[in-house]
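**Q** Okay, sequence plus prediction incoming.
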Amino acid sequence: MPPQGRQEQESTSEPVAQPAVAEDSSRDALWALAWHEQDGVRRLSTVEEIRAAHERPGCQMWIDLSEPDRDLLHELGKVFKLHPLVTEDILERNQRAKVEVTGDSVHIVMFALRYEGEIVSDEIDIVLGDGFLLTSHDADINPREAPFTRRDPQAHLPGGVDYVLWGLADWLVDDYFPVFDKLGDEIDQLEDDVMQRPNHWVVERLFQVRRDLLAIRHAVNPQREIFNQLTNRDMRLIKPERILYFRDVYDHLIRLTDELDSYRELVSTTLDIYLSQVNNNLSEIMKRLTAITAILAGAGALAGIFGMSEAGLAISFEDLRFWLVTAAIVVASAAGFIYARRIGWI
């Protein structure tokens, strides 16, 4: 660490201490910080400056790329001697969450999650090497304005690029918790809607939540394996004293995956309740229709029988014959209605 006097002098320099510099460059395609014990933390803005800093012994750098083009990424690949497959994976941006050791560097793919009525995931590629950390992502996320960078730009780089890697991973995983909370509130509301006012919108939303949970599972579950390897494999680029920090992120991911399993079970149970209610409502409707059909069928049978000429001759009171048949129909229908009402079919 630099002496106190030098650190105070560096903290007033334009590259680090002026918030406007960081804010003005928050959307630049290339953004980089470099630390050296003689100079402290300073901003880099060109590939040549990055090349010169990388060739300087003891220099620690964090290079962040926002939607980089092929030429810029290939230039940086030459500076850091990245494998061509790594640069191609970064450019394609359609990878699964993974960790791969390629030569002298480690390629890590993680995902940032956002909840905007549905789950939106953004891939971020991370390359850890000797004295550098390279991150690449879409413009929808911005690690440059993460809390760990805005609090104190000089706090992480002096600790090494593996310390910056932990800060970045911890920021990504911590941002999962608000997403899970919002999704949990949505599931609770759907449970209430299913019990009180089930409709087609509820079942459509249930299927959307199931798709969201599947997207989260594809993003989060493989990341457990990433940090399991980072905390258990002997990696030269990660200091032994830093393992405890990555293990804390691993514990958070275990908690999140357990919560994810609970949410999936809740959604499945809620969907089963909805289907059971639909079946119960259908059964109630069928019972009512059956009761009404039985009443009308009885009335129709009586009317049909006494409407025949032979049955009419059996009644001697010609002037009362119609009313007697009508009264019999009414009495039979009322008796059928009372019976259906008593057994709960109407």
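**A** Received it, and whenever you're ready, just let me know what you need. In this text the structure is predicted, and so the values were computed from the model without any measurement. Numbering: from 1, shown residues only.

**Q** Chain neighbours aside, what residue packs nearest to residue 228?
**A** residue 250 (6.3 Å; CB to CB, 6 or more residues apart in numbering). From N, CA and C alone the C-beta is placed, and that goes for glycine too.

**Q** roughly how far apart are residue 41 and residue 248?
**A** When distance is defined by CB to CB, to the nearest Å, residue 41 is 25 Å away from residue 248.

**Q** all strands of the chain, in order?
**A** Assigned by DSSP state E, the strands in the chain fall at 30-36, 40-44, 60-66, 98-102, 105-115, 119-129, 132-137.

**Q** circling back to that earlier point, does the residue nearest to residue 228 really touch residue 231, like I thought?
**A** Yes - Residue 250 lies in contact with residue 231 (CB atoms under 8 Å); the separation is 5.7 Å.

**Q** Between those two, tell me which one has more neighbours.
**A** The neighbour comparison of residue 250 against residue 231 (other CB atoms under 10 Å) goes to residue 250, with 23 against 19.

**Q** Now do the contacts for that one.
**A** When contacts are counted by CB atoms under 8 Å, 6 or more residues apart in numbering, residue 250 touches 224, 227, 228, 230, 231.

**Q** Neighbour-wise, which one of these leads?
**A** Counting by other CB under 10 Å, top hit in the contacts of residue 250: residue 230 with 26 neighbours.

**Q** how much space between that residue and residue 181?
**A** 27 Å.

**Q** Now do stretch 89-102: distance from first to last residue.
**A** 12 Å (CA to CA, to the nearest Å).

**Q** average model confidence for that stretch?
**A** The predicted model assigns stretch 89-102 a mean pLDDT of 88.

**Q** Where does pLDDT dip in the stretch 201-346 of the chain?
**A** The stretch 201-346 of the chain contains residues with pLDDT under 70 at 295, 299, 301-325, 340, 344-346.

**Q** now do 90
**A** 201-208, 218-221, 225, 228-242, 267-346 (pLDDT under 90).

**Q** try the stretch 51-200 of the chain
**A** In the stretch 51-200 of the chain, residues with pLDDT under 90: 58, 68-69, 84, 92-97, 101-104, 115-119, 139-142, 144-160, 186-200.

**Q** rerun that using 70 as the cut-off
**A** In the stretch 51-200 of the chain, residues with pLDDT under 70: 151-154.

**Q** need the helices for it, in chain order.
**A** 70-80, 84-92, 147-151, 161-174, 176-196, 200-232 (DSSP state H, counting those that start in this stretch).

**Q** Dump the ones you listed into TSV; add distance to residue 135 as well.
**A** What follows is the helices of the stretch 51-200 of the chain, written out as TSV (distance: least, CB to CB, whole Å):
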stretch	distance to residue 135
helix 70-80	11
helix 84-92	10
helix 147-151	11
helix 161-174	7
helix 176-196	18
helix 200-232	15
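
**Q** Deepest-packed of these, please.
**A** Sort these by mean neighbour count, taking mean count of other CB atoms under 10 Å, and helix 161-174 sits at the top with a mean of 22.

**Q** Distance from the chain centre to that one, please.
**A** 19 Å (CA atoms, centre = their mean, to the nearest Å).

**Q** Same question for stretch 42-54: list its buried residues.
**A** 42, 43, 44, 47, 49, 50, 53, 54 (16 or more other CB atoms under 10 Å).

**Q** can you list these in JSON lines and add distance to residue 332?
**A** JSON lines is the format used below for the buried residues of stretch 42-54 (distance: CB to CB, whole Å):
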{"residue": "42", "distance to residue 332": "99"}
{"residue": "43", "distance to residue 332": "95"}
{"residue": "44", "distance to residue 332": "96"}
{"residue": "47", "distance to residue 332": "96"}
{"residue": "49", "distance to residue 332": "99"}
{"residue": "50", "distance to residue 332": "96"}
{"residue": "53", "distance to residue 332": "100"}
{"residue": "54", "distance to residue 332": "98"}
